[in-house]
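**Student:** sharing a model that was predicted from the sequence below.
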There are 4 protein chains.
Amino acid sequence: MDNRPREGASGWKRTAYSVIFESDTPAGRAFDIGLLVAIVLSVVAVMLESVRSISAQYGPFLQAVEWAFTALFIVEYVLRLLVVRRPLAYALSPLGIVDFLAIVPTLATLLLAGSRYLLVIRTLRLLRVFRIFKLGRFVGEGEFIVDALKASRFKILVFLSAVLTLVVVMGTLMYVVEGGQNGFTSIPKSIYWAIVTLTTVGYGDISPVSVLGQSLASVLMILGYAIIAVPTGIVSAQMALPSKRAEALAYKQAICHVCQAADHRPDAEFCWRCGEKL
Amino acid sequence: MDNRPREGASGWKRTAYSVIFESDTPAGRAFDIGLLVAIVLSVVAVMLESVRSISAQYGPFLQAVEWAFTALFIVEYVLRLLVVRRPLAYALSPLGIVDFLAIVPTLATLLLAGSRYLLVIRTLRLLRVFRIFKLGRFVGEGEFIVDALKASRFKILVFLSAVLTLVVVMGTLMYVVEGGQNGFTSIPKSIYWAIVTLTTVGYGDISPVSVLGQSLASVLMILGYAIIAVPTGIVSAQMALPSKRAEALAYKQAICHVCQAADHRPDAEFCWRCGEKL
Amino acid sequence: MDNRPREGASGWKRTAYSVIFESDTPAGRAFDIGLLVAIVLSVVAVMLESVRSISAQYGPFLQAVEWAFTALFIVEYVLRLLVVRRPLAYALSPLGIVDFLAIVPTLATLLLAGSRYLLVIRTLRLLRVFRIFKLGRFVGEGEFIVDALKASRFKILVFLSAVLTLVVVMGTLMYVVEGGQNGFTSIPKSIYWAIVTLTTVGYGDISPVSVLGQSLASVLMILGYAIIAVPTGIVSAQMALPSKRAEALAYKQAICHVCQAADHRPDAEFCWRCGEKL
Amino acid sequence: MDNRPREGASGWKRTAYSVIFESDTPAGRAFDIGLLVAIVLSVVAVMLESVRSISAQYGPFLQAVEWAFTALFIVEYVLRLLVVRRPLAYALSPLGIVDFLAIVPTLATLLLAGSRYLLVIRTLRLLRVFRIFKLGRFVGEGEFIVDALKASRFKILVFLSAVLTLVVVMGTLMYVVEGGQNGFTSIPKSIYWAIVTLTTVGYGDISPVSVLGQSLASVLMILGYAIIAVPTGIVSAQMALPSKRAEALAYKQAICHVCQAADHRPDAEFCWRCGEKL
């Protein structure tokens, strides 16, 4: 969807658009890089403020930084709205929503303490980085991954349903077997333990003590170790499929009527062996 | 196996059958969705009751809910039996067994305390969800996964035998090396530790302390890290194979009536061995 | 290598051979199953004896059981030696060595306490199980796995070298960064920690505390999480290769000189479309 | 790049070069093996010195050993520089840099205590081992792995970006949900926890306690368990591709001199587009 300013728009709008939204001019590139640096700095500021020893010393400074960046991002957001042809289309696009969410949390702190940490949503803005370096390349590879996952989504859903059912049943069994004194104090907690075990994370905050419990846990672990092969197999098989472009290049089935040669390129017009028109 | 009511069955039976067993009419769809909600609620009730703080406050209420749902499921089960042509065939089918097991535990509590938690078997009933949305799609994908696992079952069994032997031998070695004072108090417990380690779960409830023990453990970890590649490879390779249907199309099943040759091309008209018309 | 008794051997030798070494007669089958049960029981006896509470009560009984099974296995081993044509060839074959090792530890306890636990080597004898059920099938699948691993052995060695180098370098870095007070008391111990982390086992008996240490650990974890893809990819790719039999069945390249049909079976003598001699 | 001594170089230089840099003469082979042993011994010496109980007893001896090896390596390094045609080219090659870094840390201890441990960089010198045994074989397999990773580098970068974004967002959420009293004392620490969890390492030094925290953690674990399929799929699919050499054979590199068409069959004699003789 083309959202460039109208042909008849005033000159500054068209210049601003190319600087803010495009990155093929030196100015546009400089703007994008500056924006990225600002995003990284603002995210780092929020992180540092959460460390008590740092916030005790530099708290007011970090908060000032945060407000400054928020002001900057508000200006940028408003500019983006002013410059495009259809502001609503931009505001409702994925990038537009992320840009908006990157501003809200700071303002929200005026009403609700703690909401400031949602500022980390700003990290999502970093995805803009792909716009700068070899855009097409990265987007293409990202699409390849997303396509493979999309094509496997039903298989993955079936797999996840099986995993969830397994985890609920095993968690309940362990609750009955181990009981509260060993940390399995309720079914939900036991299910949490089953997830920790099946995924091979294994914190060790809860672990079975009785012989029967450890036997059941062993079964669950070996299951978890083995069935990781299922999603991996699904995605591998999907990604190993010949890509659309490769498929299009598959050999032509036609056979040359002069020399009987087969296996021509799909777009070949002449025989590769005798040069006859196909 | 067709289990619809006989042609001459009374009208209410045929209506009830289409509502309860099918989901292509609005009523059937509504029934299925209502049933799913009931199953989820009853499972959640059992889980909540196991949390002490909640059960202290709402215990009697949750038990009432549980009995209500059980009554509902009994009515549903009896209806299913009444409506089908061959009740026994339904009762012994996988879905029928699950439906039955979903009722038993509550009744069993009258005799045996604690058996109530087996109610979580009800989660298995959730698999009915696949009947509602794009049934064929999900069942097909599920079958694809199950087929791939079935085709690899001998390879997986060989792999599991190797893993179990490894775990028994390493567990015993660690028992000899580390001894009781570091948590390796018996061979079965050491085997449990070996499973926890090989599967990369790593609770840390038992961990080696001596230098020799840590060296052996390192070997086991690296083995566990590397041999996960084996089941993954087996399943990936299996899933990357052309599907069965495609395979069935690759070679014709017919056998030449003259020379008994098999494996003809799907479009072959003459035997490849003796040249006889197929 | 044929090791059956000579043609002119006495009758009992030939009968004993078929009972002990083969499993296609009812007697041979019964012998094999009895042997398996004996092996399992003797291994279980050793395991149970290692559990203090059980050994306190049944210790003498379990030791008697162990000696009885050892006597039985000695008799069996001697019989095998007597019956075969070339005893040395059997004694030095893999199965023969395992049979021998299954006896030694019990005898060794007369000299060395503790060596008894090596009895668990007896588990290896369980591999005989494959001889009974569909022998060829399991051996074939086992060979498939072993072949794939053999074909990938150089790639896996290169991968392991890279992993070991990484683990040594990261372990030393962490020793310098974290120092002794956080559990990283020596370079070998830090390397042990690096292995625990890279393989995603994560006991938690040693874990980084400083900010720099946690950052380095994060890098190591993400590396470990990502490079598991390498051995998996190697084995998957190897297993996905067309098997030798499938390759042999690949279509013949020849083209029928009458109807120009292609894609004949590799062993076809007649055209599948027109029945002409190829 | 050929770096052998000039034709007219003095005889000892040429002999020394073949001994130090090549391994196809008995002397060259002996030198390489001796060097490897020296490297292993010097690395082991540094490791042992870090173990307090050993260093207390053998400290001065181990330091002497270290200095002796360093002297040896300095002599070797200087010899290498003297013998080659272009010393700078060698000094700046990867092997040359590693050789240099293997010497520096010991000398640096005269200025900076603690820098000695960087000696473990010497392990990298062990990679020379590949020069001795079947060089080509290992290098070839190593290149295969590196090529596959290189070809997938954009996909892997996209995957890592997604993982990092996920980890930052989930870490911050957990910081807000769990708060400082459960170990989530700052956002960076919570991000560290998220990495420990997503990669399924699971130390257990920090683990969620609240119900909401455990639910979020469960989601993160299942995500981590499932998305490991993505890098694995990428690398598997890449490795299953026909090798580069095979690819190069698939299409001829020649370009038609009339129409500039490329991608001809390897055995083509006529252009597929214009029918001109190639």
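**Tutor:** Thanks, I have the structure now.
**Student:** packing partners of the strand or helix carrying residue A:169?
**Tutor:** Using DSSP states H and E, residue A:169 sits in helix A:153-178. Here helix A:153-178 touches helix A:187-198, helix A:211-227, helix A:229-240, helix B:135-151, helix D:211-227, going by 3 or more CB pairs under 8 Å, 6 or more residues apart in numbering or on different chains; DSSP states H and E. (Each C-beta comes from the backbone N, C-alpha and C, glycine too.)
**Student:** list the buried residues for the third one?
**Tutor:** The neighbour-count criterion (16 or more other CB atoms under 10 Å in any protein chain shown) identifies A:229-240 as the buried residues of helix A:229-240.
**Student:** reformat the residues you listed as a markdown table; add pLDDT and distance to chain D.
**Tutor:** A markdown table is the format used below for the buried residues of helix A:229-240 (pLDDT from 0 to 100; distance: CB to the nearest CB, whole Å):
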| residue | pLDDT | distance to chain D |
| --- | --- | --- |
| A:229 | 86 | 9 |
| A:230 | 87 | 9 |
| A:231 | 87 | 4 |
| A:232 | 87 | 4 |
| A:233 | 86 | 8 |
| A:234 | 86 | 7 |
| A:235 | 85 | 4 |
| A:236 | 85 | 4 |
| A:237 | 82 | 8 |
| A:238 | 82 | 7 |
| A:239 | 81 | 4 |
| A:240 | 75 | 4 |
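**Student:** dump these into a markdown table; add distance to residue C:13 as well.
**Tutor:** What follows is these, written out as a markdown table (distance: CB to CB, whole Å):
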| residue | distance to residue C:13 |
| --- | --- |
| A:229 | 48 |
| A:230 | 52 |
| A:231 | 56 |
| A:232 | 53 |
| A:233 | 51 |
| A:234 | 56 |
| A:235 | 58 |
| A:236 | 54 |
| A:237 | 54 |
| A:238 | 59 |
| A:239 | 59 |
| A:240 | 56 |
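**Student:** what about chain C: which of the residues you listed touch it?
**Tutor:** A:232, A:236, A:240 (CB under 8 Å from any CB of the partner chain).
**Student:** just to revisit the earlier point, what about the helix holding residue A:169, average pLDDT?
**Tutor:** In this model, helix A:153-178 has an average pLDDT of 84.
**Student:** buried residues in it?
**Tutor:** For helix A:153-178, by 16+ other CB under 10 Å, it's A:154-156, A:158-159, A:161-163, A:166-178.
**Student:** please name the residues that touch the closest residue to residue A:62 other than its chain neighbours.
**Tutor:** Leaving aside its chain neighbours, residue A:62 sits nearest to residue A:49 (4.4 Å; criterion: CB to CB, 6 or more residues apart in numbering or on different chains). Neighbouring residues of residue A:49 by CB atoms under 8 Å, 6 or more residues apart in numbering or on different chains: A:55, A:59, A:62-63, A:66.
**Student:** give me the buried subset of the residues you listed.
**Tutor:** Judged by 16+ other CB under 10 Å, buried ones among the contacts of residue A:49: A:55, A:62-63, A:66.
**Student:** identify the farthest-apart pair in those.
**Tutor:** Farthest pair in those (CB to CB) is A:55 and A:66. Separation: 11.6 Å.
**Student:** which one among the buried residues of helix A:229-240 gets closest to residue B:85?
**Tutor:** Nearest to residue B:85 among those: residue A:230, at 37.3 Å, using CB to CB.
**Student:** my read: that closest one touches residue B:232, true?
**Tutor:** No: if you go by CB atoms under 8 Å, residue A:230 and residue B:232 don't touch, sitting 9.1 Å apart.
**Student:** residue C:80: which of the helices and strands packed on helix A:153-178 is closest?
**Tutor:** helix A:211-227 (34.2 Å).
**Student:** tell me which other helices or strands that closest one touches.
**Tutor:** So helix A:211-227, by 3+ CB pairs under 8 Å, 6+ apart, packs with helix A:153-178, helix A:187-198, helix B:153-178, helix B:187-198.
**Student:** so for that helix, mean pLDDT?
**Tutor:** On average, helix A:211-227 scores 88.
**Student:** again with stretch A:24-43
**Tutor:** 82.
**Student:** got the buried residues for that stretch?
**Tutor:** A:28, A:31-32, A:35-36, A:38-39, A:42-43.
**Student:** check these against chain D, which are close?
**Tutor:** Checking those against chain D (CB under 8 Å from any CB), the matches are residue A:43.
**Student:** of the buried residues of stretch A:24-43, closest to chain C?
**Tutor:** residue A:43 (16.3 Å; CB to the nearest CB).
**Student:** against residue D:198, how distant is the closest one?
**Tutor:** 19 Å (CB to CB, to the nearest Å).
**Student:** can I get the buried residues of stretch A:24-43 in CSV including secondary structure and distance to chain B?
**Tutor:** Formatted as CSV, the buried residues of stretch A:24-43 follow (DSSP: H, G, I helix; E, B strand; the rest coil; distance: CB to the nearest CB, whole Å):
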residue, secondary structure, distance to chain B
A:28, helix, 44
A:31, helix, 45
A:32, helix, 40
A:35, helix, 41
A:36, helix, 37
A:38, helix, 41
A:39, helix, 36
A:42, helix, 37
A:43, helix, 32
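**Student:** now do the closest residue in space to residue A:17 that isn't next to it in sequence against chain C, distance only.
**Tutor:** In space, residue A:17 comes closest to residue A:83 once its chain neighbours are excluded; the distance is 4.8 Å by CB to CB, 6+ apart. Residue A:83 is 39 Å from chain C, where distance means CB to the nearest CB, to the nearest Å.
**Student:** pretty sure residue A:83 sits against residue A:5.
**Tutor:** Yes: applying CB under 8 Å, one finds residue A:83 in contact with residue A:5, separated by 6.4 Å.
**Student:** which neighbours do those two share?
**Tutor:** With CB under 8 Å, 6+ apart as the test, residue A:83 and residue A:5 both reach A:13, A:17.
**Student:** of those two, which one has the most company?
**Tutor:** Legend: neighbour count by other CB atoms under 10 Å in any protein chain shown for residue A:83 and residue A:5, higher for residue A:83 (23 against 20).
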